[in-house]
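Peer 1: Take this sequence and fold it.
(chains A, B, C and D, ligands or ions: 4)
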There are 2 protein chains.
Amino acid sequence: MAYPKKYIDKLRKSGLRPTKQRIKICEVLFDADQTFHFTIKELVRIIENQANIKVSLATVYNTVHAFIKKGYLKEIPLNASQSYYDTNISHHHHFFDEEENRLIDIHQDDVDEVNIKRTIPGKKIKSVEVIAKIVSDNQSQK
Amino acid sequence: MAYPKKYIDKLRKSGLRPTKQRIKICEVLFDADQTFHFTIKELVRIIENQANIKVSLATVYNTVHAFIKKGYLKEIPLNASQSYYDTNISHHHHFFDEEENRLIDIHQDDVDEVNIKRTIPGKKIKSVEVIAKIVSDNQSQK
DNA sequence: TCAACAGTTTAGAATAAATATAATGTATTA
DNA sequence: TAATACATTATATTTATTCTAAACTGTTGA
Ligand SMILES: [Mn+2]
Ligand SMILES: [Mn+2]
Ligand SMILES: [Zn+2]
Ligand SMILES: [Zn+2]
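Peer 2: Ligands and ions are numbered 1, 2, ... in the order given. Model prediction:
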């Protein structure tokens, strides 16, 4: 009881009742100073470190997917065998550091609008995302 | 014996000996009229339909990865839990049809060069890929 | 020619992410 | 409070991918 109203609202709008476990998930995801990228395993670890609450994997998966469906989280496509999630839901792009396996945001303002000249009959573009893979810049190469 | 020289070369350059199974994989991948996108399971199915050769999953995975490492195939990042591979190794982009789970090539010429104004110290951009998600264009909406 | 060897294929086991299940627990409401 | 709906959880299942180890094959050189 006495859960933050903003999280109760987010959960209700996602079709979920506000429970202790889900409120905790909200706190970790949406109380952070900065947006961040995470895997489900990382999220579970953060929750367990920050609180004495035990949350099952199933609850975390279900809650995260409800938020994605509602648009409160984004899923980031990577060629890894694991899903990355993003608390930054603004339209933006990413660097992916292949050496450190790390996603870095690129603000929409930092990329000129991507102009695609080709169209597919009967289809419309829902979203456009740019992924720029980066690696160490070894300038010592001859 | 009497395997096509081009495939023997591709395999040797990938550090693999030309064997019956690997030549068959090459034929399916590189003899096609058009480049195409595939999953490992689809590739296995194609091989089994086209030939009376049995090829194990392990051999297919190993060969595909050797080709990726050498640059003869590309892996396409999608948010699915499955890897997609591409026999089109030119620099290009993709539509992803979320309703039909289908990748469609966008030639590099059909996308203005993506200009990223932000840089990461010590890192350089290795590749830039655009993925545009498309859905049915229901013009009947009011 | 043929034994030795290096490399290959394969079935099946292992791994790990994601999802489903079903029993138990909790909140809501009449 | 009692009935009901919804949640949580441990556990099982599914599935893509990788690993393992045994059997197989092609090559080499005595
Ligand atoms: Mn998902
Ligand atoms: Mn997996
Ligand atoms: Zn992001
Ligand atoms: Zn392609």
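Peer 1: Outline the domain layout of chain A.
Peer 2: Domains of chain A are assigned by automatic domain parsing as A:5-76, A:90-134.
Peer 1: low-confidence ranges in chain A?
Peer 2: Residue ranges of chain A with pLDDT under 70: A:1, A:79-80, A:140-142.
Peer 1: Spell out which residues of it are next to ligand 4.
Peer 2: Neighbours of ligand 4 within chain A, by CB under 5 Å from the ion: none found. The way it works is simple: take the backbone N, C-alpha and C, and place the C-beta from them, glycine included.
Peer 1: where exactly do the strands run in chain A?
Peer 2: For chain A, the strands defined by DSSP state E occupy A:37-38, A:74-76, A:84-86, A:92-97, A:102-107, A:123-136.
Peer 1: do you know which of these lies nearest chain B?
Peer 2: Chain B lies closest to strand A:123-136 among these, at 3.9 Å (CB to the nearest CB).
Peer 1: From the contact counts, what lies against the closest one?
Peer 2: The contact analysis (3 or more CB pairs under 8 Å, 6 or more residues apart in numbering or on different chains; DSSP states H and E) places strand A:123-136 against strand A:92-97, strand B:92-97, strand B:123-136.
Peer 1: what's the burial count for the residue in chain A that DNA strand C sits nearest to?
Peer 2: Distances between chain A and DNA strand C by CB to the nearest atom of the strand are smallest at A:Ser83, namely 3.2 Å. The tally of other residues near A:Ser83 (other CB atoms under 10 Å in any protein chain shown) stands at 18.
Peer 1: Neighbours of the closest residue to A:Tyr72 other than its chain neighbours, how many?
Peer 2: Setting aside the residues directly before and after it, A:Tyr72 is nearest to A:Lys10 in space (CB to CB, 6 or more residues apart in numbering or on different chains), at 6.1 Å. The number of residues packed near A:Lys10 is 21, by other CB under 10 Å.
Peer 1: Look up how far chain B lies from A:Lys10.
Peer 2: 22 Å (CB to the nearest CB, to the nearest Å).
Peer 1: Across the sheet, point out what pairs with the residue nearest the centre of chain A.
Peer 2: Compute the mean C-alpha point of chain A, and by CA atoms, centre = their mean the closest residue is A:Asp86, 1.3 Å away. Applying DSSP bridges to A:Asp86 yields these beta-bridge partners: A:His37, A:Lys74.
Peer 1: what do you get for A:Asp97?
Peer 2: A:Arg102, A:Ile134.
Peer 1: Number of residues surrounding it?
Peer 2: Close neighbours of A:Asp97, defined as other CB under 10 Å, add up to 16.
Peer 1: just the one 10 residues further on next, same as before
Peer 2: Neighbour count for A:His107, taken as other CB under 10 Å: 13.
Peer 1: How about the one 5 residues further on?
Peer 2: Neighbour count for A:Asp112, taken as other CB under 10 Å: 13.
Peer 1: how far away is the nearest residue in space to it that is not next to it in sequence from A:His93?
Peer 2: Excluding its sequence neighbours, the residue lying closest to A:Asp112 (CB to CB, 6+ apart) is B:Asn115, at 4.6 Å. Remark: distance between B:Asn115 and A:His93 (CB to CB, to the nearest Å) = 12 Å.
Peer 1: Ok, A:Ile23 next?
Peer 2: A:Ile23 is 31 Å from A:His93, by CB to CB.
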